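[1] Pasted the sequence and its predicted model underneath.
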Amino acid sequence: MSRATVIKASRAHPGFVAALVHRLSGLALAIFLPVHFLVLGLALEGEVFSGVIAWTNQPLVKVSEALLVGTLAVHFAGGTRLLAIEFFALERAQAFWISAAFAFGLGFSLLFAMRAF
Amino acid sequence: MSGEKTLGVDIWRGGADGRYQSFEVPARENQTVLDVVTYVQRHLDSALAYRFACRVGVCGSCAMTVNGRPRWTCRTHVSRVAKAGRLTIAPLQNLPLIRDLVTDMTPFFDKWQRARGRFVPGEGPRDQLAPVPPDKPERAAASAAIECINCGVCYSACDVVAWRDDYLGPAALNRAWAAWNDVRDGDRTGILKAVSASGGCHNCHTHQSCAAHCPVSLNPTFSIAGLKRASIKAKLKGELAP
């Protein structure tokens, strides 16, 4: 066992998890958005666009889309949490902000999934 | 120790390239992690290097990494942190290791100076007391940050300290926030200049590990956020020009 293997326990707290989710959702969005805009751009070329639309009708793609909308919502809520701490000094209600961010993301994602199916 | 209940403890030995050494110590109903380390040093291996002074959570010298988390060992009961009857005790992270459980705290205290966390007298005459009402917002903010015991737990827990050598760290910035809120200080803008340079408060990522681990329940993340707000305001007013 090296010294490094025991560091991680110090990160097991809500603040770090919230920061991690915020980063990862941001990364996921950065990867997804160029593809998303590419598809939007293809809307002008009818044939390719309907092909893509047909592909998005598969259940698995729909689930992933719902997850993506959830990711966007979580990322948005995570950013709001940061602003709340840093600019409005609302640090005392950490647990509330973190759970609200996750609930908002999950709710949004479910709502989208219900509409998709 | 035949028939007596024992506790297994792995303690870091040597420098950065050292290893853990296992010991068996008597398990007591009430014992702190510092008691365990002291038992090992007094009965099993007198060469074990570690630091402590007050044993009651005031001096801040006994912080170590216990089962992966930085803690003040004198106020940490073994029963609350032992996993399956075992303890793993390592030196603090993010500081140069001298030997065994002793780190070199020099970078930590140098950064307190760099963050200008000390009082600079104003121009007023020495015999004139500055009135600071207890309910003044600055006084309340300073009170919330002032009870730091300099133990280095937050510094050891901070990811940004691990990533950047020049980052001042939660403790120094928390101290700077308390100092900035002292309205008697003669150069409050100087504090904002010191903490908004590279490696200062704006490098904080708000992971809040400092607040999660602070043994005296301070919230350095909040203090750093306060410095961010104050320095942004000062910057917009043009007060931070060199």
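    Nice, I can see it.
[2] mind listing what residue B:42 touches?
    Counting by C-beta atoms under 8 Å, 6 or more residues apart in numbering or on different chains, residue B:42 makes contact with nothing. C-beta: built from backbone N, CA, C; applies to glycine.
[3] can you confirm it is in a helix?
    Yes: remark: residue B:42 belongs to a helix, assigned using DSSP: H, G, I helix; E, B strand; the rest coil.
[4] in which helix or strand would I find residue 64?
    You didn't pick a chain, so chain A it is. Element membership of residue A:64 [criterion: DSSP states H and E] is helix A:59-88.
[5] you looked at the wrong chain, it should be chain B
    With DSSP H and E as criterion, residue B:64 is part of strand B:63-66.
[6] swap in residue B:130?
    Per DSSP H and E, there is no helix or strand for residue B:130.
[7] Check the one 10 residues further on too.
    Here residue B:140 sits within helix B:137-145, counting by DSSP H and E.
[8] Give the next helix or strand downstream of that helix.
    Counting by DSSP H and E, what follows helix B:137-145 is helix B:153-157.
[9] So which elements touch that following helix?
    strand B:63-66, strand B:69-72, helix B:170-180, helix B:209-213 (3 or more C-beta pairs under 8 Å, 6 or more residues apart in numbering or on different chains; DSSP states H and E).
[10] how about that helix as PDB, C-alpha atoms only?
    These are the backbone C-alpha positions of helix B:153-157, laid out as PDB (Å, rounded to 0.1, in the frame of the first residue of the first chain):
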ATOM      1  CA  VAL B 153      -6.000  19.700   7.900                       C
ATOM      2  CA  CYS B 154      -7.700  21.900   5.200                       C
ATOM      3  CA  TYR B 155      -4.400  22.400   3.400                       C
ATOM      4  CA  SER B 156      -4.000  18.600   3.300                       C
ATOM      5  CA  ALA B 157      -7.500  18.000   2.100                       C
END
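[11] could you give the mean pLDDT of it?
    Across helix B:153-157, pLDDT averages out at 96.
[12] which residues does the most centrally placed residue in chain A contact?
    Compute the mean C-alpha point of chain A, and by C-alpha atoms, centre = their mean the closest residue is residue A:71, 1.5 Å away. Contact analysis of residue A:71 by C-beta under 8 Å, 6+ apart lists A:25, A:28-29, A:105, A:109.
[13] Can you check the pLDDT for it?
    Confidence at residue A:71, expressed as pLDDT, is 86.
[14] and the gap between it and residue A:65?
    Note on residue A:71: its distance to residue A:65, by C-beta to C-beta, to the nearest Å, is 10 Å.
[15] Mind naming the longest helix for chain B?
    Taking DSSP state H as the criterion, chain B has its longest helix at helix B:220-236.
[16] Out of the helices and strands packed on helix B:153-157, which is closest to residue A:53?
    helix B:209-213 (45.5 Å; C-beta to C-beta).
[17] circling back to that earlier point, got the contact list for the strand holding residue B:64?
    In contact with strand B:63-66 (C-beta under 8 Å, 6+ apart) are residues A:6-7, A:10, B:33, B:37, B:50, B:70-73, B:76, B:81, B:87-93, B:101, B:151-153, B:156, B:215.
[18] Are any of those buried, and if so which?
    By neighbour count, with 16 or more other C-beta atoms under 10 Å in any protein chain shown, the contacts of strand B:63-66 hold A:6-7, A:10, B:33, B:37, B:50, B:70-73, B:76, B:81, B:87-93, B:101, B:151-153, B:156, B:215 as buried.
[19] Give me every residue in chain B lying close to chain A.
    B:10, B:12, B:16, B:20, B:65, B:67-70, B:88, B:90, B:93, B:156-157, B:159, B:205-209, B:211-213, B:219, B:221-222, B:225-226, B:228-229 (C-beta under 8 Å from any C-beta of the partner chain).
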